[in-house]
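S.K.: here is the input, now give the coordinates:
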Amino acid sequence: MIGSFSEFVAKVHSLSEELSDSQFWTRPYPYGNSFGHLTLHIIGNLNHFIGNQIAGTGYVRDREREFADDGHATKQEMLAELDDAVNMVNATVAAQQFEDWSKPYQEPHTPDFVKTRFDMFLRCATHFHHHLGQMIYLQKELLKNR
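M.R.: Predicted coordinates:
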C-alpha cells in the first residue's frame, strides 16, 4: 500500500512540473476544479480520514476551502503539503500491526461499506487515484496551447 501512495504523489509531481503557479490554480473548465484545488482536496482527505481518525494527528478539515481557496499558496508549497500528507499516510501504514487492519472504522462522512481501517486505507488510495486521473486531463488542457 505504501508503494501506491508513493507512486501517486510522484505522478502528481510529474504532472505539475510544467505548470506555472497560475496554471496550477486555473480552472480550465467552468464545471470543474483546478489542479491546485484537487491537490488541496487530496491533502484534506488523507489528513482527515487517516491522519486525524487513525494516526491521531488532530487535523481539522476545512473541506470548503479545498474547493474555494483563492490560490495564494505556490505550487511548490502545495506539493510539499501533499508530500507531508503522503509521508504521514505511509508512516501510519507502516505502524499498523496485523490486528490493526481489521479494527472498526467509524466516522460520520464515511460510506457504509467502509467498516475497518483497511477499508479506509483502500478507500483513500482509490480516491487519490480517481483524482489523479482528473489531474491528467487538467494538465493536458492547461498545456495544450503552448
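
S.K.: only C-alpha atoms for contact and neighbour calcs from this point on.
M.R.: OK.

S.K.: from the chain's centroid, how far away is stretch 122-135?
M.R.: 7 Å (C-alpha atoms, centre = their mean, to the nearest Å).

S.K.: may I see the buried residues of that stretch?
M.R.: R123, C124, A125, F128, H129, H131, L132, M135 (16 or more other C-alpha atoms under 10 Å).

S.K.: next up, the contacts around the residue nearest the centre of the chain.
M.R.: By C-alpha atoms, centre = their mean, the chain has its centre lying nearest to I42, at 1.9 Å. I42 sits next to L82, H127, F128, H131 when contact means C-alpha atoms under 8 Å, 6 or more residues apart in numbering.

S.K.: helix or strand next in line after the host helix or strand of it, which one?
M.R.: In this structure, I42 sits in helix 35-46 according to DSSP states H and E. Next in sequence after helix 35-46, counting helices and strands by DSSP H and E, comes helix 63-68.

S.K.: other SSEs contacting the next helix or strand after that next one?
M.R.: Per DSSP H and E, the first helix or strand lying C-terminal to helix 63-68 is helix 75-95. Applying 3 or more C-alpha pairs under 8 Å, 6 or more residues apart in numbering; DSSP states H and E, one finds that helix 75-95 contacts helix 2-16, helix 35-46.

S.K.: contacts for the lowest-mean-pLDDT helix or strand in the chain, please.
M.R.: Between all helices and strands in the chain, the lowest mean by mean pLDDT, DSSP states H and E belongs to helix 63-68, at a mean of 91. For helix 63-68, the external contacting residues (C-alpha under 8 Å, 6+ apart) are N33, H37, L38, L40, H41, G44.

S.K.: any idea how far the fourth one is from E66?
M.R.: L40 sits 5 Å away from E66, going by C-alpha to C-alpha, to the nearest Å.
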